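Colleague: Have a look at this prediction, sequence included:
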Amino acid sequence: MKNVSPSYLKHQFLIAMPHMADPNFAHTLTYIVEHTANGAMGLVVNRPQDLNLADILEQLRPEIEPPALCQHVPIFIGGPVQTDRGFVLHPKGLSFQATVDLEDELALSTSQDVLFAIADGVGPAKSLIALGYAGWEPGQLEAELAQNAWLNCPFDADILFNTSSELRLEAAARHLGVNLSLLTSQAGHA
């Protein structure tokens, strides 16, 4: 009998179903950074907060006036865990003190130098900056998927970097041929 490895969702998007009750995840699109037998970690990519890069830089390097462009760089709520910790998703190519290459030309940086590089105009041309992350215990995400809490769909860099944040959830659902507004909380309970 051969071992069947479970299908993990690393490097996919999770689309919150319309009946998602958890306020941390209602109407969210989450990028799954890691998913193994030990659990999962992801970043919500469609929930900007009332902070921008200039606000963060004022705290990280108060002696330097942040460039005006930093006021237009949103900071996203990446999830409810470690909300003071920063994560930057960006295309591969530039490497920072703490950069991990993911799949499909995507990288994740967690050191402050990437923020300074973005502010100084020498960072990645496209990026998504989030504070906090979403975490799942072993088996938790699989159980939530079995309860129809989420749809998963393939990662698409165009959705992450070229689609405005309020349209990302619908764009990912469209990728699957799903119209979220037609799904109700009764989905799957015929």
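Modeller: Sure, I can see it.
Colleague: Please count neighbours and contacts with C-alpha atoms only from this point.
Modeller: Fine.
Colleague: what about residue 53, how many neighbours?
Modeller: If you count neighbours by other C-alpha atoms under 10 Å, residue 53 ends up with 22.
Colleague: need the contact list for it.
Modeller: 70, 71, 72, 73, 74, 75, 115, 119 (C-alpha atoms under 8 Å, 6 or more residues apart in numbering).
Colleague: Could you look up the SS state of residue 115?
Modeller: Classification of residue 115 by DSSP: H, G, I helix; E, B strand; the rest coil places it in helix.
Colleague: Compare the contacts of residue 53 and tell me which is most surrounded.
Modeller: Using other C-alpha under 10 Å as the neighbour test, the contacts of residue 53 are led by residue 115, with 27 neighbours.
Colleague: pLDDT score assigned to that one?
Modeller: Looking at residue 115, its pLDDT is 96.
Colleague: what does residue 187 give?
Modeller: With respect to pLDDT, residue 187 scores 46.
Colleague: Show me the residue at the heart of this protein, geometrically.
Modeller: residue 43 (3.0 Å; C-alpha atoms, centre = their mean).
Colleague: Which of the helices or strands spans that residue?
Modeller: Per DSSP states H and E, residue 43 falls inside strand 39-44.
Colleague: what lines up beside that strand in the sheet?
Modeller: Here strand 39-44 is paired, per DSSP bridges, with strand 29-36 (antiparallel), strand 128-136 (antiparallel).
Colleague: who touches the longest one?
Modeller: Counting by C-alpha under 8 Å, 6+ apart, strand 128-136 makes contact with 39-45, 74-90, 160-161, all of which sit outside it.
Colleague: try it again with 6 Å
Modeller: The contact list for strand 128-136, computed with C-alpha atoms under 6 Å, 6 or more residues apart in numbering, reads 39-43, 75-89.
Colleague: which among the residues you listed end up buried?
Modeller: Among those, those buried by neighbour count (16 or more other C-alpha atoms under 10 Å) are 39-43, 75-80, 86-89.
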